[in-house]
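Enquirer: give me the fold of what follows.
(chains A and B)
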Amino acid sequence: MQHSSSRQTDELAVSTTLQGGEYTISDIKGSSNNSYNYHAKTSDGTSVAIKEFFLRDMCRREGNNIQIPAKADAKIFNSLVKTFLRDATFLTSLDSEHLASVLDLFEENGTAYMVKSIPEGELLADLIVDPSRKFTPKQITSIANDLARSLVEVHGFGMLHRDITPSNIMITKDGSAVLLPDFGTFREDRSNASRVVSSVLQSAQHYAPFELTFDDARQGDGSDIYCVAAVVYHLITGEPPAASLDRVAAVAANDPDPYVPLEGSHKKFDDRFLKAMDMSMELFYDSRVHSATELMFIMSKDIDFDETRRMKRDVGKRSTPLTHQGIFIRVKNLLLRR
Amino acid sequence: MVWKPSFMRTASVDRLTPVDALPIGTRVGDEHEITGYLGSGGFGYTYLARRFDGHHVALKECFPFEFCRRNGLDVGLKAHDLADDFEMIRDGFQQEAAILAEFEHENIVAGGLLITAFNTVYIEMDQVHGKPLIDHLSSWFKRPSRQQTKQIGRDVLDALETIHAKGYLHKDISPDNIIINQQGVPILIDFGSAAPFGENSDDDPMLVVKIGYSPQEFYRAGAKVGQASDLYQLAATLRHCITGQRPVESVARLHARAQGRPDPLTALGRKKSKHSAFFGSIDDSMAVLIDDRIATAKQWLKTLKDI
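Expert: So this is what the prediction gives:
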């Protein structure tokens, strides 16, 4: 029935070549809702990770080519391939130690491929469930700073990550955090009537603010900041924070917010740092820390916390965000000093 | 015609192209032969089949496009790490068949025989001649009248009363899961989300929601659900019949309420009309919080009979 009768799944087979022989697939790693992931060897023998854009609910494999049975889907798929390429192009121009880098980008077999270096380290998702791996307050603070710094870069390009969870964060050997570029751009189309929230997504709901999962209209830098703070919250307390939807439901029913604040209850941490996390996990977007630079600013030890609150209040009052620029410059200086 | 909206991303009509469907003439199990193709949804294809006693029945195949491909006639996996997902959906199919087999009701499709073949399962059901309610809602002149809408409400409530009495929630009442047969009688066809309620009900591994129809508690693992959850979905369906539009998503209403904003869903019963009692009961069953709704199917049915 199939062009290649030996094929048992839709993944590309081991030893398939791409880009005219430049990459040879050496290992099939796994699938996500928008990709198949492989390891491959380049022509000079380097190992790389390759992400193939593949939407399982639309695409089939015919030979090595991607086939889309429904005409209407084909249109949607093509525009999503363009989005994928656009986002990945941004990533190739980023060169940060806290973002996994993109090495190559090409179209083949009717879809797009992103070649990444294989980040060395362990996924935070694996470490977080391992009881023998304890993070010290110093390590946690430094992870928070690394993540905030990668957000400064991503947001600086006008992009949102939208899918920051422990499965998208790599901890390298020296303990620093690297954000993996699996951007949540390809979220399901909201025009459809039906959808499944699997158990995997349910656990992701603990890290995502309400507006990322349900209310597309009001997303912004603060949405990613919530996710980062939620991951850090998990590291501090050993449990993920209450899911944002449960928090919304409680507040709607006039019950107390099930979120347990960090401030004042973790003696080993600087209270300023804990308060910064609490402020980053404000339930409603408008009351939340609204930029990565602000997050870095209020986490920092060098700065008087109450002063930043005053400054933030002043920003709200003024029509031109002069103070905001002030914050930005000060944080930049801080970064340079490090 | 059995019809289901597509699974996650898009509901394109030409997804109905049966690329991976079983060919006509295929024998499924010992007793059925595929004679035609009825439709497809996210969880698979529905075929017309002849049983060897001569009866024509509908066969629903478990073939979730997101996880499966066809290897010969067998169902295979799209990627090697999807076995658990497929198994979970296949288990759900078996549960659906078992639940469906428990009912004998004028407004519930008869069936529930489970057939195992080609590495997947099939549910045998009566073929219902008619069109899904959603097809009647696409333009105002096809929409059911107020009286017809009320009758649909009464009939489905009657079915829900039976379902709840057996200890189940349907959990997926929506205009695409109700077929209006040739006599104009609404028939519930899909029990894929049905589950026992009461104790131990919150360990459902999969939350399936339908935007606009599912109450907010369906989005939250471990949240309290009950008969009033099904009533919300029926109310949303009836509201769609009246307004011609899919209602605002329940979680958006929840969010607005938490922020102290007005409910983005305007009440139907505000305007004075001869239907305002009926409309008011729809509003009452669509309250955001489960405890604010009409509590049981019996109670709502009683109100509707008085109107």
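Enquirer: can you dump the C-alpha coordinates of the helix or strand where A:Ala88 lies into CSV?
Expert: If you go by DSSP states H and E, A:Ala88 is part of helix A:71-93. Extracted as CSV, the C-alpha positions of helix A:71-93 are listed here (Å, rounded to 0.1, in the frame of the first residue of the first chain):
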residue,chain,number,x,y,z
LYS,A,71,-6.6,20.7,0.7
ALA,A,72,-7.6,23.2,3.4
ASP,A,73,-5.0,21.7,5.7
ALA,A,74,-2.3,22.1,3.0
LYS,A,75,-2.8,25.9,3.1
ILE,A,76,-2.6,26.0,6.9
PHE,A,77,0.5,23.8,6.9
ASN,A,78,2.3,25.9,4.4
SER,A,79,1.7,29.1,6.4
LEU,A,80,2.9,27.3,9.5
VAL,A,81,6.1,26.2,7.8
LYS,A,82,6.7,29.8,7.0
THR,A,83,6.2,30.8,10.6
PHE,A,84,8.5,28.0,11.7
LEU,A,85,11.2,29.3,9.3
ARG,A,86,10.7,32.9,10.3
ASP,A,87,11.1,32.1,14.0
ALA,A,88,14.1,29.9,13.4
THR,A,89,15.7,32.6,11.3
PHE,A,90,15.5,34.9,14.3
LEU,A,91,17.1,32.2,16.4
THR,A,92,20.1,31.8,14.0
SER,A,93,20.8,35.5,14.5
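Enquirer: which elements pack onto that helix?
Expert: strand A:47-53, strand A:102-108, strand A:111-117 (3 or more C-beta pairs under 8 Å, 6 or more residues apart in numbering or on different chains; DSSP states H and E). C-betas here are computed from N, CA, C, even on glycine.
Enquirer: what is the last one packed up against?
Expert: Think strand A:111-117. For strand A:111-117, the packing partners by 3+ C-beta pairs under 8 Å, 6+ apart come out as strand A:47-53, helix A:71-93, strand A:102-108.
Enquirer: lowest mean pLDDT across these, which one is that?
Expert: Note on the helices and strands packed on strand A:111-117: helix A:71-93 shows the lowest mean pLDDT, a mean of 82.
Enquirer: what angle do that helix and strand A:102-108 make?
Expert: Put simply, helix A:71-93 runs at 150 degrees to strand A:102-108, going by axes from the mean of the first three to the mean of the last three C-alpha atoms, to 10 degrees.
Enquirer: pull out the buried positions in helix A:71-93.
Expert: Of all the residues in helix A:71-93, those buried under the rule 16 or more other C-beta atoms under 10 Å in any protein chain shown are A:Asp73, A:Ala74, A:Ile76, A:Phe77, A:Leu80, A:Val81, A:Phe84, A:Leu85, A:Asp87, A:Ala88, A:Phe90, A:Leu91.
Enquirer: residue ranges in the stretch 51-200 of chain A under the pLDDT threshold?
Expert: For the stretch 51-200 of chain A, the stretches flagged by pLDDT under 70 are A:95, A:182-200.
Enquirer: for chain B, give me its nearest residue in it.
Expert: Evaluated by C-beta to the nearest C-beta, the stretch 51-200 of chain A has A:Ala72 as its residue closest to chain B, separated by 3.3 Å.
Enquirer: measure that residue to A:Phe54 for me?
Expert: 18 Å (C-beta to C-beta, to the nearest Å).
Enquirer: go on, B:Leu77?
Expert: Distance, B:Leu77 to A:Phe54, by C-beta to C-beta: 14 Å.
Enquirer: tilt between the helix holding A:Ala88 and strand A:111-117?
Expert: 30 degrees.
Enquirer: domain map for chain A?
Expert: Using automatic domain parsing, the domain ranges for chain A come out as A:17-117, A:122-337.
Enquirer: how long is the first one from one end to the other?
Expert: Looking back up the chat, that one is domain A:17-117. 18 Å (C-alpha to C-alpha, to the nearest Å).
Enquirer: chain center to that domain: distance?
Expert: Mean-position distance between domain A:17-117 and its chain equals 18 Å (C-alpha atoms, centre = their mean, to the nearest Å).
Enquirer: where does pLDDT dip in chain B?
Expert: The model of chain B has pLDDT under 70 over residues B:1-17, B:42, B:199-207.
Enquirer: most residues in a single strand of it, which one?
Expert: Longest strand in chain B by number of residues (criterion: DSSP state E): strand B:32-41.
Enquirer: quick one: buried residues of whatever helix or strand comes next after that strand?
Expert: Using DSSP H and E, the next helix or strand after strand B:32-41 towards the C-terminus is strand B:44-51. Of all the residues in strand B:44-51, those buried under the rule 16+ other C-beta under 10 Å are B:Gly44, B:Tyr45, B:Thr46, B:Tyr47, B:Leu48, B:Ala49.
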